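> Dropping the sequence and predicted coords here.
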Amino acid sequence: MNPFTYVRATETSGAIRALGRDSHFLAGGTNLIDLMKMGIVTPEKLVDITHLPLKHISRTPTGLSIGALCTNSEVADHPLVLKHYPLLSMAFNAGASPQLRNMATVGGNMMQRTRCPYFFDTALPCNKRVPGSGCGALQGYNRMHAIFGASDQCIAVNPSDMSIALTALEATVHIQGARGGRILPFADFHRLPGDTPEKDNVLEPGELITSLTLPLPAFPDHVHYLKIRDRTSYAFALVSVAAALQLDGGNVRAVRLVMGGVAHKPWRLEAAEDFLRGKPATVENFRQAAYLAMQGAKAYAYNQFKLTLAPNAIVQALKTASGVTA
Ligand code: SF4
């Protein structure tokens, strides 16, 4: 690991002021420290933000506010989250291990980097790690990689389970920078790779995520987070689906569908949502929605299986969320 300077911040504006070039905010450190040990990220300074007052989970007039420094397990186990946003608890509990969930923060979860193996191997080309060096995965072993929204510069996927649920719940992100604050929809935080795959998200240099807000009314009843992976814990998604439904008798009144493990950002299935809205909640309609969701999917040499796995996962998530099996 390269030598670096360590600074501990006690208030938000001081943390932002302390961040200079080639420096990073340090929260739970569950991803950043690994990247530093492997020489993938080599900051000259770390600004420890763990003492900032960003650890609240509280009601607002329109929903719930979650501080960016809450740990994954604090949010997953909070009574208000369990009551109003069980989809979020499910997604948290599908991620990582209990030890990691106790350390990792909400803001850090949003900032975690892809788990593309070429990104982690400094001997191999990777446009995300070294812009312009090429993409080893494109012609390489791309079993875990994207089937939506990729570019010829990068076909990596976002690894966060939490972000899939937050996109489905239409959360908003609160950001603070030297020139003030801004709020943006969670769905607009992560980005597609395009020609600049080194940028995972739209955060500007020096900006800090301070909190998230979740709107009410939520989806308290008919929800499911289905994560399909190579082993049943401590593994990243091959494909995941966040499904949330509001049912009116046997009809779909409202629906949110977002997939993980398939794109550089949480992948919302708007065509499937549009098809299902107002229709009977039947397996036949779920299958048609999954078919529509897969339009435009493109697989690579080793991830062809996702073209079958993903629609099957959508149908299964909808069946489990709705309780409809036939
Ligand atoms: Fe790097 Fe992206 Fe290619 Fe993986 S897919 S090697 S992260 S550029």
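Structure received. Numbers count the residues shown, from 1 in each chain.

> Can you give the distance of the longest helix along the chain from its chain's centre?
Secondary structure of the chain read by DSSP state H shows that its longest helix is helix 306-322. Taking C-alpha atoms, centre = their mean, to the nearest Å, the mean C-alpha location of helix 306-322 is offset from the chain mean by 19 Å.

> So which residues make contact with that helix?
The list of residues contacting helix 306-322 from outside it, by C-beta atoms under 8 Å, 6 or more residues apart in numbering, reads 147, 222-226, 228, 238-245, 247, 257, 259, 261-262, 269, 272, 276, 281, 283, 286-287, 289-291, 293-294, 297, 299, 324-325. Just so you know, the C-beta spots here come from the backbone N, C-alpha and C atoms, and that holds for glycine as well.

> now, which of those lie within strands?
The strands in this structure, assigned by DSSP state E, contain 222-226, 228, 239-245, 247, 257, 259 from these.

> Would you confirm that S65 belongs to a strand?
Yes - residue state for S65 (DSSP: H, G, I helix; E, B strand; the rest coil) corresponds to a strand.

> what sits opposite it in the beta ladder?
Listed by DSSP bridges, the beta-bridge partners for S65 are S58, T213.

> Touching, it and S58? I think so.
Yes - with contact defined as C-beta atoms under 8 Å, S65 counts as touching S58 (5.4 Å).

> The closest residue to the ligand within the stretch 201-326 of the chain and L166, how far apart?
Nearest residue of the stretch 201-326 of the chain to the ligand: H264, at 8.2 Å (C-beta to the nearest ligand atom). Taking C-beta to C-beta, to the nearest Å as the criterion, H264 is separated from L166 by 16 Å.

> Neighbour count for those two, which is higher?
L166 (29 against 26; other C-beta atoms under 10 Å).

> on that earlier part again, of S65 and S58, give the one with the bigger neighbour count.
For the pair S65 and S58, the greater number of neighbours falls to S65 (17 against 10), based on other C-beta under 10 Å.

> Please give me every residue in contact with that one.
Residues H56, I57, S58, R59, S211, L212, T213, L214 are the ones in contact with S65 under the rule C-beta under 8 Å, 6+ apart.

> Can you show me the CA trace of stretch 273-281 as CSV?
These are the backbone C-alpha positions of stretch 273-281, laid out as CSV (Å, rounded to 0.1, in the frame of the first residue of the first chain):
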residue,chain,number,x,y,z
GLU,A,273,-43.8,-1.9,-15.7
ASP,A,274,-45.9,-0.1,-18.3
PHE,A,275,-47.2,-3.4,-19.6
LEU,A,276,-48.2,-4.7,-16.1
ARG,A,277,-49.8,-1.6,-14.8
GLY,A,278,-53.6,-2.0,-14.7
LYS,A,279,-53.5,-5.6,-15.8
PRO,A,280,-54.4,-8.8,-13.9
ALA,A,281,-51.6,-10.2,-11.9
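
> How about residues contacting it?
The set of residues external to stretch 273-281 that reach it, using C-beta under 8 Å, 6+ apart, is 245, 247, 250-257, 285-286, 288-289, 292, 318, 322, 324.

> Check stretch 31-38 too.
Taking C-beta under 8 Å, 6+ apart as the criterion, the residues outside stretch 31-38 that touch it are 1-2, 4, 24, 26, 41-43, 104, 108, 111-113, 120, 122.

> 6 Å instead?
Around stretch 31-38, the neighbours that count as contacts under C-beta atoms under 6 Å, 6 or more residues apart in numbering are M1, V41, Q112.
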